[in-house]
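[1] next comes the sequence, and after it the predicted model I'd like to discuss.
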Amino acid sequence: MKQAIGIFDSGVGGLTVFKAIRQAFPYQDLIYFGDTARVPYGPKSPNTIIEYSVQNARFLLQQGIKTLIVACNTSSSVAIPHLKKLSNIPIIGVIDPGSEIAVSYSKNKRIGVIGTEGTIRSKAYSTAIQRLEPNAKVFSLACPLFVPIVEEGWQDHPIALRIVQEYLKPMKDNDIDTLVLGCTHYPLLSHVIQKYLGEKVKLVDSADAIGEHLQELLSVEQDGQPGKDSFFVSDNEDKFASIASRILGTELNALKRVQLFESWFVD
Ligand code: DGL
């Protein structure tokens, strides 16, 4: 039995990260958990995001995983130090890999970061980027409407370009040459974002960034047996499965619903 890599996200968007890892590591077993009962994390307080992230991580640790990937940018921006207290296995969020790539891409050191309200409020990306490149000027912006557009499957609808123009006008004015797509859903809008900002702005997809990080950790493990995929959600399996098939380009099998908590309410 192979030990799997565990990946969690607030919902379905983390499948962009899952897809990148599956492509890069065909022999690894992957277990994905999407917290569809409590999505979105973006507008929630840091304490709530930490509490949910710890519960998600505990569930995956119970499955005997060897590495934990936090695909959710909002969780990665506040919960990593808390998750590291739960286990000694490698626990990797998307902020550091994405920031490293952004700094390596940028020539003029004017870097944009877009994400959920929670991610932007945490300043996790700007702190990480400025730690790597103290002269960098970071322009951060929350784009909350991007998530529902993607979940609705409207990334090619004219409204997507309209909303991208509205949000990203300040980025254009600030003359950035690199933009971090700091949310699981945003890579699915990258063609629209690129069209608006033009080819001279490089887009950083944290899914790719994390793949490179994992290469260093896992490169020797190739046993020739195709890796198995397992998917767990905390609610709405049908909605998850339908958006998932759009993101992954294939139907899901091995999807199960789990309950992470007994009961929270007080009468
Ligand atoms: N997965 C979240 C992120 O990457 C986006 C969706 C949400 O708000 O939960 O930040």
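    Alright, I've got the coordinates. Fair warning: this is a prediction, and the values are worked out from it, not measured in the lab. Numbers count the residues shown, from 1 in each chain.
[2] and Pro170, how many neighbours?
    11 (other Cβ atoms under 10 Å). The C-beta positions use only the backbone N, C-alpha and C, and glycine is treated the same way.
[3] equivalent analysis for the one 3 residues further on, please.
    Taking other Cβ under 10 Å as the criterion, the count of residues near Asp173 is 9.
[4] what's the answer for Gly182, then?
    Neighbour count for Gly182, taken as other Cβ under 10 Å: 30.
[5] near the ligand, which residues of the stretch 51-200 of the chain are found?
    Within the stretch 51-200 of the chain, the positions lying close to the ligand (Cβ under 6 Å from any ligand atom) are 72-74, 115-116, 119, 147, 183-185.
[6] neighbour-wise, which one of those leads?
    Compared across those, Asn73 has the highest neighbour count, 36 neighbours, by other Cβ under 10 Å.
[7] surely that residue touches Thr184?
    Yes: between Asn73 and Thr184 there is a contact under Cβ atoms under 8 Å: 6.5 Å.
[8] could you say which helix or strand holds Ile114?
    Taking DSSP states H and E as the criterion, Ile114 maps to strand 110-115.
[9] helices or strands up against that strand?
    The contact analysis (3 or more Cβ pairs under 8 Å, 6 or more residues apart in numbering; DSSP states H and E) places strand 110-115 against helix 73-84, helix 95-105, helix 124-132, strand 137-142, helix 158-173, strand 178-182.
[10] just say which of the ones you listed is most tucked in.
    Among the helices and strands packed on strand 110-115, strand 178-182 has the highest mean neighbour count (mean count of other Cβ atoms under 10 Å), at a mean of 28.
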